[in-house]
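**Student:** give me a 3D structure for the following:
(one chain, ligands or ions: 1)
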Amino acid sequence: MIRIDSVTKRYPDGTVAVDRLSLEIPDRSVTVLVGPSGCGKTTTLRMINRMVEPSEGSILLDGQDIRQQPVNTLRRSMGYVIQNAGLFQHRTILDNIATVPRLLGRPKREARARAAELMERVGLDAALAKRYPYQLSGGQQQRVGVARALAADPPVLLMDEPFSAVDPVVRKGLQDELLRIQDELGKTIVFVTHDIDEAIKLGTKVAVLRTGGRLAQFAPPAELLSAPADAFVEDFLGADRGIRRLSFFPAAGLELQTAPVVPIDADAGRLASGAAAPYLLVTDADGRPLGWSEPDRLTAGAVDRERLLDFGRPFVPDTDSLRTALDGAVLSPTGWAVAVDGEGRAVGVVSQQVIGEAIRDAHGRVAARADAKAGR
Ligand SMILES: Nc1ncnc2c1ncn2[C@@H]1O[C@H](COP(=O)(O)OP(=O)(O)OP(=O)(O)O)[C@@H](O)[C@H]1O
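**Tutor:** Below is the predicted model of the structure:
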């Protein structure tokens with residue numbers, strides 16, 4: 001655990017970048033520091049690897065004051081990734097990644113083998129190994145930055161706005177990759193961003209800082225969204241807080257109806273058994289959805305695919321959230337969402353109303369848990 005204990009940083013010109021900040025950063029999880037420009041995120045991160053020394057307070061790593069170990073030893077235990085990757089322009093990709101193992105005295109062959117392995121881990125094609133940084137896209141360069149930071153297998157990874165300079169699509173890919181790597185490697189990651197959506201997506205816990213380096217709230221993302229500590233946090237979270245919060249509620253408990261799902265070759269009896277529903281979902285012979293139809297427009301054995309209504313975007317109950325299910329229902333011309341299994345076969349349908357009830361239940365459960373925690 002990294003423990004930031006009442007740390008203040010006053011720069012020589014008198015700027016107080018961080019003001020009596022206390023934070024406990026748990027092991028093997030992603031802790032995000034988020035806040036408006038100039039609120040002291042970078043200063044805080046750099047105090048963890050002693051690129052900046054606190055004016056007051058202390059930082060403990062696994063119970064030991066970080067000032068008690070030589071700065072080089074400390075930094076070796078902490079990979080550091082910055083915006084634009086900060087790669088060595090005159091070295092190949094492979095040698096960029098192999099830099100730290102080489103500095104640590106690893107033989108060239110071993111360091112390069114490790115670098116090649118890391119390229120694969122961060123999703124870089126081996127063919128890029130001999131290129132130079134300027135021959136890579138921004139997103140690829142960031143991946144190299146992550147690989148380089150992982151090369152010495154440090155337990156801690158400090159990341160300062162690593163994905164800010166790339167476009168939203170590439171950024172999403174990099175975020176997904178980071179979560180995957182984190183799942184596999186279980187690093188202690190401290191991640192700085194000014195993007196609250198990135199914070200909510202990546203953070204196990206999120207520290208929202210306000211200008212002057214003061215902590216506004218430190219909580220898991222779902223808790224931030226459901227109970228912002230004050231108006232500043234609420235404002236910083238922005239619009240759609242309620243909808244975004246639904247991402248944290250699984251769709252697995254939704255009660256699905258199967259009677260309205262009918263195969264394209266359904267006989268009259270099968271069609272009649274679903275006829276009470278306002279719409280039927282027609283599937284192909286493998287069970288994959290084709291589209292919606294009002295029951296009285298269907299004739300057994302003669303379904304005109306062209307006349308079916310678009311079924312919108314289906315959700316997978318086992319892995320998706322209530323947000324995805326609701327989105328599916330809102331996008332569907334019938335107001336019903338289609339549930340599919342991992343192979344894309346329809347497993348049932350669910351109305352907006354039922355999703356609405358599930359949302360109310362989920363809110364109720366969270367409120368009950370909060371009450372229990374507060375001893376009410
Ligand atoms: N070397 C320095 N000397 C004086 N003031 C500094 C120095 N470095 C940072 N600051 C100031 O400290 C405050 C916090 O800066 P910091 O870079 O930590 O913020 P940040 O939250 O990371 O900002 P951003 O999101 O814009 O990168 C700012 O007011 C900044 O101007």
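**Student:** show me what from the stretch 1-150 of the chain comes close to the ligand.
**Tutor:** Within the stretch 1-150 of the chain, the residues that sit near the ligand (C-beta under 6 Å from any ligand atom) are 11, 13, 15, 17, 35, 37, 38, 39, 40, 41, 42, 43. Glycine gets a C-beta too; all of them are placed from N, C-alpha and C.
**Student:** for this protein, what's the longest helix?
**Tutor:** Residue-count comparison of every helix in the chain, with assignments taken from DSSP state H, identifies helix 352-373 as the longest.
**Student:** check which helices and strands that one is in contact with.
**Tutor:** Judged by 3 or more C-beta pairs under 8 Å, 6 or more residues apart in numbering; DSSP states H and E, the packing partners of helix 352-373 are helix 322-331, strand 336-340.
**Student:** now the angle from it to helix 322-331?
**Tutor:** What separates the directions of helix 352-373 and helix 322-331 is an angle of 160 degrees, with axes from the mean of the first three to the mean of the last three C-alpha atoms, to 10 degrees.
**Student:** out of the helices and strands packed on helix 352-373, which comes closest to the ligand?
**Tutor:** helix 322-331 (28.1 Å; C-beta to the nearest ligand atom).
**Student:** and that closest one, C-alpha only, in PDB?
**Tutor:** Included here for helix 322-331 are C-alpha records, laid out as PDB according to Å, rounded to 0.1, in the frame of the first residue of the first chain:
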ATOM      1  CA  LEU A 322     -28.600  -2.300 -16.900                       C
ATOM      2  CA  ARG A 323     -27.300   0.700 -18.900                       C
ATOM      3  CA  THR A 324     -26.700  -1.400 -22.000                       C
ATOM      4  CA  ALA A 325     -30.100  -3.100 -21.600                       C
ATOM      5  CA  LEU A 326     -31.900   0.200 -21.200                       C
ATOM      6  CA  ASP A 327     -30.000   1.600 -24.200                       C
ATOM      7  CA  GLY A 328     -31.200  -1.400 -26.200                       C
ATOM      8  CA  ALA A 329     -34.800  -0.800 -25.200                       C
ATOM      9  CA  VAL A 330     -34.600   2.900 -25.900                       C
ATOM     10  CA  LEU A 331     -33.100   2.300 -29.300                       C
END
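**Student:** so which residues make contact with it?
**Tutor:** With contacts defined as C-beta atoms under 8 Å, 6 or more residues apart in numbering, helix 322-331 is touched by 243-244, 246-247, 249-251, 254, 312-315, 317, 335-339, 350-352, 355, 358-359, 362.
**Student:** list the buried ones in it?
**Tutor:** Of the residues in helix 322-331, those scored as buried under the neighbour-count criterion (16 or more other C-beta atoms under 10 Å) are 322, 323, 324, 325, 326, 327, 328, 329.
**Student:** can you lay out these as TSV showing pLDDT and distance to residue 302?
**Tutor:** Rendered in TSV, the data for these read as follows (pLDDT from 0 to 100; distance: C-beta to C-beta, whole Å):
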residue	pLDDT	distance to residue 302
322	96	37
323	95	38
324	96	34
325	97	32
326	96	34
327	95	33
328	95	28
329	95	29
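**Student:** select only the buried ones of the residues of the stretch 1-150 of the chain next to the ligand in PyMOL?
**Tutor:** Selection command for PyMOL covering only the buried members of those, criterion 16+ other C-beta under 10 Å:
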select buried, resi 17+35+39+40+41+42+43
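**Student:** quick one, domains of the chain?
**Tutor:** By the record's domain assignment, the chain is partitioned as 2-248, 261-359 (automatic domain parsing).
**Student:** any regions of the protein where pLDDT drops low?
**Tutor:** 376 (pLDDT under 70).
**Student:** in space, not sequence, find me the middle residue of it.
**Tutor:** Using C-alpha atoms, centre = their mean, the residue of the chain that lies closest to the mean C-alpha position is residue 201, 2.9 Å off.
**Student:** ok, and for the helix or strand hosting that one, which residues are buried?
**Tutor:** If you go by DSSP states H and E, residue 201 is part of helix 196-202. Buried residues in helix 196-202, defined by neighbour count with 16+ other C-beta under 10 Å: 196, 198, 199, 200, 201, 202.
**Student:** any chance you could list what contacts that helix?
**Tutor:** Residues from elsewhere that reach helix 196-202 (C-beta under 8 Å, 6+ apart): 30, 32, 34, 163, 171, 175, 178-179, 191, 193, 206, 221, 224-225, 236-238, 244.
**Student:** can you give me phi and psi for the nearest residue to residue 342 once chain neighbours are set aside?
**Tutor:** Distance criterion C-beta to C-beta, 6 or more residues apart in numbering; nearest residue to residue 342, sequence neighbours excluded, is residue 316 at 6.4 Å. According to degrees, to the nearest 10, the main-chain angles of residue 316 amount to phi -110, psi 110.
**Student:** now do residue 206
**Tutor:** Given degrees, to the nearest 10, the pair of backbone angles that residue 206 has is phi -120, psi 130.
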